[in-house]
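Asker: let's see this in three dimensions:
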Amino acid sequence: MTQNRFVGTWRLVSAEIRTSDGQITYPWGRDALGYLVYNTDGYMMVAIMSCNPTKFASSDPRGGSVEEKAAAFDTFLSYGGRYEVKGDRVIHHMEVCSYPDWAGDDQERFFGFHDDRLELHTPPVLFHGKQQTGHLIWQRI
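Answerer: I've put the predicted structure just below:
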């Protein structure tokens with residue numbers, strides 16, 4: 001039986017979005033926080049956020065103004081579901097997602113392992129109105 005190198009918990013090292021002409025942006029900031037978990041049962045979860053999100057004025061997690069909720073949405077991404085590895089790609093079958101349009105979708109990520117790091121990058125996706133690629137580096141913890 002082949003060992004599944006994905007299984008484990010990973011901490012985000014960097015998250016970049018790149019345009020085809022080489023411009024780089026950091027949608028959650030240069031010091032974004034995140035965790036990625038792959039389990040032996042074929043399920044995965046990921047959560048990424050800005051390291052300094054704006055706090056809500058209310059202590060009620062379901063409270064917050066429209067502006068506070070919009071800022072929170074713009075600084076956080078989470079999804080989970082089943083995953084499968086196919087060649088040089090890992091397919092995330094998104095069953096839940098903080099961005100509702102992706103719930104029920106399949107998202108592919110090209111991958112590479114380098115020592116205790118996992119590098120994932122997306123095919124071109126629409127981001128801020130342009131086709132761009134996501135490049136994320138994760139370190140096993």
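
Asker: quick one, phi psi at Tyr26?
Answerer: phi -120, psi 90 (degrees, to the nearest 10).

Asker: I'd say it and Ile48 touch.
Answerer: No - contact between Tyr26 and Ile48 fails when scored by C-beta atoms under 8 Å: they sit 11.1 Å apart. No exception for glycine: its C-beta is placed from N, CA and C like everyone else's.

Asker: neighbour count: those two, which is higher?
Answerer: The residue with more neighbours, out of Tyr26 and Ile48, is Ile48; 20 against 13, by other C-beta atoms under 10 Å.

Asker: give me the element the more buried one is part of.
Answerer: Assigned by DSSP states H and E, Ile48 belongs to strand 43-49.

Asker: quick one: the strands in this protein?
Answerer: Using DSSP state E, the strands of the chain run over 8-18, 24-25, 33-38, 43-49, 76-86, 89-97, 106-114, 117-121, 125-127, 130-140.

Asker: and the last one with strand 8-18, angle?
Answerer: Taking axes from the mean of the first three to the mean of the last three C-alpha atoms, to 10 degrees, one finds that strand 130-140 is oriented at 150 degrees with respect to strand 8-18.

Asker: and for strand 130-140, what's in contact with it?
Answerer: Strand 130-140 is contacted from outside by 8-20, 34, 36, 116-127, using C-beta atoms under 8 Å, 6 or more residues apart in numbering.

Asker: please, a ChimeraX command that selects the buried ones among those residues?
Answerer: Buried residues among these (16 or more other C-beta atoms under 10 Å), as a ChimeraX selection:
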select :8,10,12,15,16,17,18,34,36,118,119,120,122,127
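
Asker: beta partners of the residue lying closest to Met45 once chain neighbours are set aside?
Answerer: Of all residues not flanking Met45 in the chain, Gly80 sits nearest, at 3.8 Å (C-beta to C-beta, 6 or more residues apart in numbering). On the basis of DSSP bridges, Gly80 is bridged to Met45, Val96.

Asker: Gly42 is in contact with Gly80, correct?
Answerer: No - contact criterion C-beta under 8 Å: Gly80 and Gly42 do not qualify, at 11.7 Å.

Asker: okay, these two: which has more neighbours?
Answerer: Higher neighbour count among Gly80 and Gly42: Gly80, with 17 against 13, using other C-beta under 10 Å.
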